[in-house]
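>>> Okay, here's the prediction I keep looking at, along with the sequence it came from:
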Amino acid sequence: AQSVTQLDSHVSVSEGTPVLLRCNYSSSYSPSLFWYVQHPNKGLQLLLKYTSAATLVKGINGFEAEFKKSETSFHLTKPSAHMSDAAEYFCVVSSYSSASKIIFGSGTRLSIRP
Amino acid sequence: DGGITQSPKYLFRKEGQNVTLSCEQNLNHDAMYWYRQDPGQGLRLIYYSQIVNDFQKGDIAEGYSVSREKKESFPLTVTSAQKNPTAFYLCASTRTENTGELFFGEGSRLTVL
């Protein structure tokens, strides 16, 4: 079985400071992991993906995430927050070896203080 | 440009009425999905389809119906049997089943009056 847990429902940072959004996963097979961003009243957009290649994954808009198998984590980071980063972020796990569907985390709302 | 088009963007419905949300993709993707999103919650899977003329129930299929007569199209009908239909509905597609690399439409917001 697969599952994904986003450890914070809401994160607030000041503009120009680092961002850390935390995600832990559980999977019986080698997982593929993804981060998506959703702005208000919009669809989700893929930020980055891990599919068993390099463990440090770079995405769009300066975001990156590191796959840590020993910690079963896939945290999303950005060195310097921008006002336009304010949005909802979702961590997702899937596995080709599993018959289960794509699993979404419950989301983390990122607020940016001026 | 390829993508997924959902319509309408906003829809109002009276209780007891069925409504159909449109989802069209020109990405040549095999799999398509419908999700429901409620305020402050994640996405919940309603139905998905891996191939034309075949679809499977997701976690919250009761009160909804779908069809997949063409590869490009996956409409969702919210029936009067759905007890609490007011929500944001998202359609997505992937190249193949079970990949988490989803392409989303812009969503349809349904409000029941």
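Yes, it's here.
>>> now the residue positioned nearest the centre of chain B, nearest residue through space, not along the chain?
Geometric centre of chain B, nearest residue: residue B:34, 3.0 Å, by Cα atoms, centre = their mean. Closest residue to residue B:34 apart from its sequence neighbours, by Cβ to Cβ, 6 or more residues apart in numbering or on different chains: residue B:46 at 4.3 Å. To be clear about C-beta, it is placed using only N, CA and C from the backbone, and glycine gets the same treatment.
>>> how near is that neighbour to chain A?
11 Å (Cβ to the nearest Cβ, to the nearest Å).
>>> Report the strands that pair with the helix or strand where that residue lies, each with its relative direction.
Using DSSP states H and E, residue B:46 sits within strand B:43-51. When pairs are called by DSSP bridges, strand B:43-51 turns out to pair with strand B:31-37 (antiparallel), strand B:54-57 (antiparallel).
>>> Residues in contact with that strand: which ones?
Here strand B:43-51 makes contact (Cβ atoms under 8 Å, 6 or more residues apart in numbering or on different chains) with A:44, A:90, A:101-102, A:104, B:30-38, B:55-61, B:64, B:66, B:68, B:74, B:76, B:89-90, B:97.
>>> Can you name the residues of chain B that neighbour chain A?
Applying Cβ under 8 Å from any Cβ of the partner chain, we find that chain B lies next to chain A at B:4, B:6, B:33, B:40-43, B:45, B:48, B:58, B:88, B:90, B:92, B:98-107, B:109.
>>> Quick one: name the residues of chain A near chain B.
Counting by Cβ under 8 Å from any Cβ, chain A sits next to chain B at A:9, A:32-34, A:36, A:41-46, A:49, A:90, A:92-96, A:98-99, A:101-102, A:104-107.
>>> ChimeraX command to pick out the buried ones of the residues you listed?
ChimeraX command restricting these to the buried ones, with burial defined by 16 or more other Cβ atoms under 10 Å in any protein chain shown:
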select /A:32,33,34,36,42,43,44,45,46,49,90,92,93,94,95,98,101,102,104,105,107
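>>> if I read this right, residue A:11 contacts residue A:19, doesn't it?
Yes. Using Cβ atoms under 8 Å, residue A:11 is in contact with residue A:19, at 7.3 Å.
>>> Tell me how many other residues crowd residue 2.
Picking chain A for this. Using other Cβ atoms under 10 Å in any protein chain shown, residue A:2 is surrounded by 17 other residues.
>>> Actually, chain B is the one I wanted.
With other Cβ under 10 Å as criterion, residue B:2 counts 9.
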